[in-house]
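Q: this one's structure only:
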């Protein structure tokens, strides 16, 4: 699947958002003093105080977020959505783009 950069509007550019978030994750205070030199996980939790977690989001957390977003968007059958729905949707979109 291709994700196109939108250099005319950096605020709406997925590549710019990804790069900015990577910089935040790699230079943030939440990773200082980390035991590992590995790159921090891309998707992490957020505390009520606004601090990023050092742990990757669990599959259950992703499941909850996807369902919550589908419900708030008013999607019929939102309770059937999961993280796997995103993968299936992306694959389906790729297939349609090839035909």
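A: Nice, thanks for sending it over. Just so we're clear, the structure is a prediction, and the values are computed from it rather than from any experiment.

Q: now do stretch 67-83: everything it contacts.
A: If you take C-beta atoms under 8 Å, 6 or more residues apart in numbering as the criterion, stretch 67-83 is touched by 59, 62-63, 66. Backbone N, C-alpha and C define where each C-beta goes, glycine included.

Q: redo those as JSON lines? Include distance to residue 52 and pLDDT.
A: Output for those, formatted as JSON lines (distance: C-beta to C-beta, whole Å; pLDDT from 0 to 100):
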{"residue": "59", "distance to residue 52": "19", "pLDDT": "85"}
{"residue": "62", "distance to residue 52": "16", "pLDDT": "85"}
{"residue": "63", "distance to residue 52": "20", "pLDDT": "86"}
{"residue": "66", "distance to residue 52": "20", "pLDDT": "86"}
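
Q: and the longest strand along the chain, what's buried?
A: When the chain is parsed with DSSP state E, its longest strand is strand 52-56. By neighbour count with 16 or more other C-beta atoms under 10 Å, strand 52-56 contains the buried residues 52, 54.

Q: ok, stretch 64-71 next?
A: 66-67, 70.

Q: nearest to residue 54 among those residues?
A: Residue 54 has its nearest neighbour among the buried residues of stretch 64-71 in residue 66, at 22.7 Å by C-beta to C-beta.

Q: sec struct for the closest one, please.
A: Under DSSP: H, G, I helix; E, B strand; the rest coil, the three-state class of residue 66 is helix.

Q: about what we covered before: for the longest strand of the chain, name the packing helices and strands.
A: Helices and strands touching strand 52-56, by 3 or more C-beta pairs under 8 Å, 6 or more residues apart in numbering; DSSP states H and E, are strand 44-46.
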